[in-house]
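1. Show me the folded form of this:
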Amino acid sequence: MVRLLRPFGRAVTYTRLLHLFIAIVWPSMWLFVQEAWWTWVLAGVLLAPVGLVPAMRTVEGLQARLLLTGHRDDSAGTDIVVTPSASWGDRGRVVVWLEARLLIGCVTSVFTVQLLIACFDLTASAFGRDVGEGLLALLDGHAWWHVLLVPPALVTLAVTVVGSGRLITAIARRLLGPSPADRLAALEERTEQLLERTRIARELHDSIGHALTVAVVQAGAARAAGDPEFTDRALGAIEETGRAALEDLERVLGILRESERPVSSRPTLTDCDRLLESARVSGAKVDAELTGPVDTLPGPVSREGYRILQESLTNVLRHAGAVPVRVRIAVVADDSLALEVRNPLTADIPGPGRGSGLRGIRERAALLGGSARTGPDQGDWQVRVELPLR
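-> Okay, the predicted model is just below:
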C-alpha cells in the first residue's frame, strides 16, 4: 500500500501533470473564442512548423528536464538534451514530440477534469442534491450508494495522473533524448577530458619532479662543497627552479578550477635555455646544440619537445648526477624534430619499463605520431625522440 501511494509524495508527479496542462493552454484559450472541434486540429497543424525551429529543442528540453525529470537545466546525467536541433532528424523528432504532448495533454486534462467533477457530483447526489449533466446522466435520480462510486473514480484519477506522467516522460526521453550524433559528440568530449587530465598529470610530474630533483641535487652539492660562493649559486638555482615550478603549478590548478577558461600558454623549446641553465647550475656539464628554425615549430610539437627535454634532464640529474650531457635539437628539413640527450652510463640505470618519466616520454611522442628510444647506446644513456611536424 505504501508503495502504491509513494508517487503522490513526490513533487515530480504533479510537475508532470503541470507540464501536460501547459501544452494545452493556448489551444484552450482559442477554444473559448471559436468553439469547434477543428480548432484542436488546427493547433496540431500549427505546431509542425514551430517544431522545425532548431531552438525549440532547447526550449522543450529545458521544460522536460525541470518538470518531467526534476533535474535542473545544468544537471549532469540526464538523458534529455537541451542543445538546438542539429539535423532534420532532430527537428522531426521535436515535431512528433510537440504533437504527442498536445494529444496526451488534451486527453489527460479532459479525463482528469471530468473525473474530479464526477467525484463531486457523486458525493452531492448521495446527499440528495441536484447535479449537472455530467457522467451522472447515466444514473437515475439520487441514491446514497452513489458515494460508493467515489473511491473507484479517485483510483482512476490517480492512475491517470501517474500513468500519463510516466508516459509523457518516457516519450520525452525517446524524442528529446540524444541522437547518435549527440552521443558521439559527448563521447568525443569525454575522451578529450580524459586526455587533458592525462596531459595535466604528465605536466605536473615533469615540472614538479624536475624542480624537486634540482633542489635535492643542489642542496646535497652545497652541503658537500662547503663553499659559500657555491652555496649562493645553489640557492639561486633552487629559487629559480622553484619559482618556475610554482608558475606551472598555478597554471595547471587554474585549468582544473576553471574548465571553461582557455589554456594558458605553456613553455616551448624556445624557452629551453632555462632548462639548460638549471642543469648547468646543478653541476651537469651541458653541451647543447640547436639546429634549424626551432622558433617556427608547431605549438604542440614545441611544447611536448620542451617537456621531453625537461624529463630527460631530470633523469640525468636524478640517476647520474653532475656528469657531461650532450643535447642535440634539430629541425630536419622542415619535416621532423629530432631531440637527443646523452650522458655517460652509471651504475644506476633505469630500465625501459621503470618509472613514469620514461613512459611519459614515450607517450608524448606517440600522441604526436612520433617515436622515442630510451636506453644504453655505445656506453651512454640515450634519449632520442623524433616528432613529425605535419
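2. which one is residue 11 nearest to, not counting chain neighbours?
-> residue 70 (7.0 Å; CB to CB, 6 or more residues apart in numbering). (C-beta placed from N, C-alpha, C; glycine too.)
3. Count the neighbours of the one you found for me.
-> 15 (other CB atoms under 10 Å).
4. Just to check, it is in contact with residue 15?
-> Yes. The criterion here is CB atoms under 8 Å, and residue 70 meets it with residue 15 at 7.1 Å.
5. so residue 327 sits in a strand?
-> Yes. Assigned with DSSP: H, G, I helix; E, B strand; the rest coil, residue 327 falls within a strand.
6. pLDDT value on residue 111, please?
-> Note for residue 111: predicted pLDDT of 86.
7. Just to check, it is in contact with residue 160?
-> Yes. Residue 111 is in contact with residue 160 according to CB under 8 Å; the separation is 5.4 Å.
8. Show me where the chain has its helices.
-> 2-5, 11-23, 25-33, 38-51, 55-63, 88-126, 150-175, 180-225, 228-257, 272-281, 299-319, 356-367 (DSSP state H).
9. Which of those has the lowest mean pLDDT?
-> helix 25-33 (a mean of 68).
10. mind listing what residue 55 touches?
-> residue 84 (CB atoms under 8 Å, 6 or more residues apart in numbering).
11. Also residue 241?
-> With CB under 8 Å, 6+ apart, residue 241 has these contacts: 210, 211, 214, 215, 278.
12. contacting residues for the third one?
-> The reference is to residue 214. Taking CB under 8 Å, 6+ apart, we find residue 214 in contact with 237, 238, 241, 278, 279, 282, 314, 317.
13. Out of those residues, which comes closest to residue 56?
-> residue 314 (55.8 Å; CB to CB).
14. What sits closest to the closest one if chain neighbours are left out?
-> That would be residue 210: by CB to CB, 6+ apart, it lies 4.3 Å from residue 314.
15. Look at that neighbour and say how many residues are nearby.
-> Other residues near residue 210 come to 26 when the count uses other CB under 10 Å.
16. Equivalent analysis for residue 45, please.
-> 11.
17. Could you do residue 197 as well?
-> 11.
18. Show the contacting residues for it.
-> Applying CB under 8 Å, 6+ apart, no residues contact residue 197.
19. Can I get the helices of the chain in a markdown table including distance to residue 326?
-> Formatted as a markdown table, the helices of the chain follow (distance: least, CB to CB, whole Å):
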| stretch | distance to residue 326 |
| --- | --- |
| helix 2-5 | 76 |
| helix 11-23 | 69 |
| helix 25-33 | 79 |
| helix 38-51 | 68 |
| helix 55-63 | 59 |
| helix 88-126 | 59 |
| helix 150-175 | 63 |
| helix 180-225 | 19 |
| helix 228-257 | 21 |
| helix 272-281 | 12 |
| helix 299-319 | 10 |
| helix 356-367 | 17 |
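20. And these: which comes nearest residue 381?
-> Checking those against residue 381 by CB to CB gives helix 299-319 as the closest, at 7.8 Å.
21. Work out which residue lies at the spatial centre of the protein.
-> residue 190 (5.5 Å; CA atoms, centre = their mean).
22. picking that back up, could you measure from the residue nearest to residue 11 over to residue 388?
-> 51 Å (CB to CB, to the nearest Å).
23. before we move on, what about residue 357?
-> Taking CB to CB, one finds residue 357 at 23 Å from residue 388.
24. more neighbours, those two?
-> A side-by-side neighbour count of residue 357 and residue 388, using other CB under 10 Å, places residue 357 first with 22 against 14.
25. Done for today, thanks.
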